[in-house]
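J.: build me a structure from this.
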Amino acid sequence: MSALGPTAALGGVIWAVVQPYRVTLLHPLGQGFWWLFVEPPLLAIAVGLFFYFVITPGLLRDLAEEHATAE
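T.: Here you go, the predicted structure:
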């Protein structure tokens, strides 16, 4: 469960390396703010990190409590 966030972030990094033209920050000519801000590889990295640092700790804590009460 705790590997989902880093796996998603790694997938975003691999995506950005394989398709660098998707990361318009590398060549922002004529692009608006939202085009630069909302880029799929960067969003995949951000969501993976958000999941790992925000959601996973509480989820693992709840699973540990559930496991402790089941015994």
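
J.: what helix or strand does the closest residue to Leu10 other than its chain neighbours sit in?
T.: For Leu10, ignoring the flanking residues on the chain, the nearest one in space by C-beta to C-beta, 6 or more residues apart in numbering is Gly48 at 7.4 Å. For every residue, glycine as well, the C-beta is placed using N, CA and C. Here Gly48, judged by DSSP states H and E, is contained in helix 40-50.

J.: could I get that helix in CSV with only the CA atoms?
T.: What follows is helix 40-50, C-alpha atoms only, in CSV (Å, rounded to 0.1, in the frame of the first residue of the first chain):
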residue,chain,number,x,y,z
PRO,A,40,0.2,15.4,-17.3
PRO,A,41,3.6,14.1,-16.2
LEU,A,42,4.0,16.8,-13.6
LEU,A,43,0.5,16.1,-12.3
ALA,A,44,1.2,12.4,-12.1
ILE,A,45,4.3,13.2,-10.0
ALA,A,46,2.4,15.6,-7.8
VAL,A,47,-0.5,13.2,-7.2
GLY,A,48,1.9,10.4,-6.3
LEU,A,49,3.7,12.6,-3.8
PHE,A,50,0.4,13.9,-2.4
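
J.: identify each buried residue in it, please.
T.: Buried residues in helix 40-50, counting neighbours by 16 or more other C-beta atoms under 10 Å, are found at 41-42, 44-45, 48.

J.: strands of this protein, residue ranges please.
T.: Remark: no strands are assigned in the chain by DSSP state E.

J.: need the per-residue pLDDT for the residue most central in space within it.
T.: By C-alpha atoms, centre = their mean, the chain has its centre lying nearest to Gly48, at 2.1 Å. For Gly48, the model assigns a pLDDT of 95.
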